[in-house]
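J.: sequence and computational prediction follow.
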Amino acid sequence: MKIWKQLLYWVTTFDATLRVLLFLGTMCGALLGFLEMAEEVEEGETKAIDEKIFFLLREEDDLSNPIGPLWFEEAARDITALGSYTIVSLTTLFTLGLLLLLKKKIEAMFCFLSVVSGTGLIHFLKIGFDRPRPDAVSHLVNVSTASFPSGHSTMAFVIFLSLTFLATRSLPSKATKIYVVLTSVFIASMIGFSRVYLGVHWPSDVLAGMCLGFFWALLWLGMEIIVFKKYLSRS
């Protein structure tokens, strides 16, 4: 417990310059992670580890069934729905409405742009890579697009992190802000895991989507902060 307290103290007492460096380092790391994963997928280097992890989550005597009880499978379906385009679209619309009512036009604009541009980027990448979905097992949810990168994983990180960064500005302490950020990352990661568990994505699809979504959310957050500060300096 002492280690966690020291870590929390270290993070919350960061100098502003170090925070900027950490932000940029995290953003670059996420982008490099995606690019590296994309290169390995193109060269087929992830095939062995993808298949090993993928089939570890299936019953040996019946690959159509994932491991675990039926209730866990139902829970995975519920979790994966959180990253669907329907939920993402509704969440974005409701968030935009709230931000506009609060007269936060800059935040609303960047929230909208991050989601719309992220959605377009995903479609472009899926067409470009055109990676087939896993076909060794029956899919437990309907899918109609290519496999790489995972759209659910990418958009889960984009929308959850974007909303989290907006929400943390009104939270009372840095400890609660860190808690909310970690919770959002956990939920988004669970959405990614559910895609592999339900048999519709390879692990590398999900990992690449997580990296891309993390990068995209941080990219738009950084641009929003810059524009917001310029707006405040003029007003």
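T.: On my side now, so go ahead.
J.: which residues touch the closest residue to Ser84 other than its chain neighbours?
T.: Once flanking residues are discounted, Ser84 sits nearest to His152: 6.9 Å by CB to CB, 6 or more residues apart in numbering. For every residue, glycine as well, the C-beta is placed using N, CA and C. With CB atoms under 8 Å, 6 or more residues apart in numbering as the criterion, the residues that contact His152 are 80, 83-84, 191-192, 195, 201, 209.
J.: what sits against the residue positioned nearest the centre of the chain?
T.: Residue closest to the average C-alpha location in the chain (CA atoms, centre = their mean): Phe157, at 2.0 Å. Contacts for Phe157 (CB under 8 Å, 6+ apart) come out as 185, 188, 209-210, 212-214, 216-217.
J.: wait, Lys177 sits on Thr168?
T.: Yes - Lys177 is in contact with Thr168 according to CB atoms under 8 Å; the separation is 4.1 Å.
J.: so the two - more neighbours on which side?
T.: Lys177 (19 against 16; other CB atoms under 10 Å).
J.: and the more buried one, that's in a helix?
T.: Yes - the assignment for Lys177 by DSSP: H, G, I helix; E, B strand; the rest coil puts it in a helix.
J.: that one: what's it in contact with?
T.: Applying CB under 8 Å, 6+ apart to Lys177 gives the contacts 168, 171.
J.: what do you get for Phe160?
T.: Residues counted as contacts of Phe160 (CB under 8 Å, 6+ apart) are 184-185, 187-188.
J.: and those as a markdown table, adding pLDDT, neighbour count and secondary structure?
T.: As requested, those are arranged in a markdown table below (pLDDT from 0 to 100; neighbours: other CB atoms under 10 Å; DSSP: H, G, I helix; E, B strand; the rest coil):
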| residue | pLDDT | neighbour count | secondary structure |
| --- | --- | --- | --- |
| Ser184 | 92 | 22 | helix |
| Val185 | 93 | 17 | helix |
| Ile187 | 94 | 16 | helix |
| Ala188 | 94 | 27 | helix |
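J.: Leu32: which of those is nearest?
T.: Sorting the contacts of Phe160 by how near they are to Leu32, with CB to CB, puts Val185 at the top with 18.4 Å.
J.: pretty sure the closest one contacts Leu161?
T.: Yes - contact between Val185 and Leu161 holds when scored by CB under 8 Å: they sit 7.5 Å apart.
J.: neighbours of Thr91, just the number please.
T.: Neighbour count of Thr91, defined by other CB under 10 Å: 16.
J.: what residues of the helix or strand harbouring it count as buried?
T.: Under DSSP states H and E, the secondary-structure element containing Thr91 is helix 85-101. Judged by neighbour count using 16 or more other CB atoms under 10 Å, the buried positions of helix 85-101 are 87-88, 91-92, 95-96, 99.
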